[in-house]
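Enquirer: One predicted model, sequence on top.
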Amino acid sequence: MKGTFNQSTMDELVAQTIEKKNIRSVVLCVEKGNHSFSHVSSAGNMEDDTPYFLASVTKLYITAIILKLRMENRVDLDDKISQYLPEDTVSRIHILKDIDYSNEITIKHLMSNTSGIPDYFTSDVF
């Protein structure tokens, strides 16, 4: 895309994204490190309590937060994620050959990408 990136351009791109199959809502924030600009745009039917997927760029941030919590002895990397997430969120997220491994997934599994949960962002949906 040529030209200046501005709020109007970002709003247009977000509006186009919401028209794609299986994308019901979008929130996008673009900021420059020196705070010289910050643009936020959204579209769709997202509410305050709507669950959403985070793409791979957030993995480093989440890992840093988890390691900080570990350092503060608030979590252990071998803790099951079911200790921290609601049952309806964890239930049936990892089934392999008719066996449900969902309650065996640990924080360490998620951090090291070894949980066995499929990568939904590599599907045809996106």
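Expert: That came in fine, so what should we check first? Numbering: from 1, shown residues only.

Enquirer: Count the residues that sit near Val75.
Expert: Val75 has 17 neighbouring residues, counting by other C-beta atoms under 10 Å. In short, each C-beta sits where N, CA and C put it, glycine included.

Enquirer: One more: Ile105?
Expert: Around Ile105 sit 20 other residues, with neighbours defined as other C-beta under 10 Å.

Enquirer: wait, it sits on Ile81?
Expert: Yes - using C-beta atoms under 8 Å, Ile105 and Ile81 qualify as a contacting pair, with a distance of 5.1 Å.

Enquirer: counting contacts, what elements does the helix or strand bottoming out on mean pLDDT in the chain pack onto?
Expert: Lowest mean confidence among the helices and strands of the chain (mean pLDDT, DSSP states H and E): strand 25-31, at a mean of 81. Helices and strands touching strand 25-31, as assessed by 3 or more C-beta pairs under 8 Å, 6 or more residues apart in numbering; DSSP states H and E, comprise helix 7-17, strand 38-44.

Enquirer: can you pull out the strands in the chain?
Expert: Taking DSSP state E as the criterion, the chain contains strands spanning 25-31, 38-44, 95-96, 99-100.

Enquirer: Break this structure down into its domains, please.
Expert: Per automatic domain parsing, the structural domains of the chain span 1-45, 54-114.
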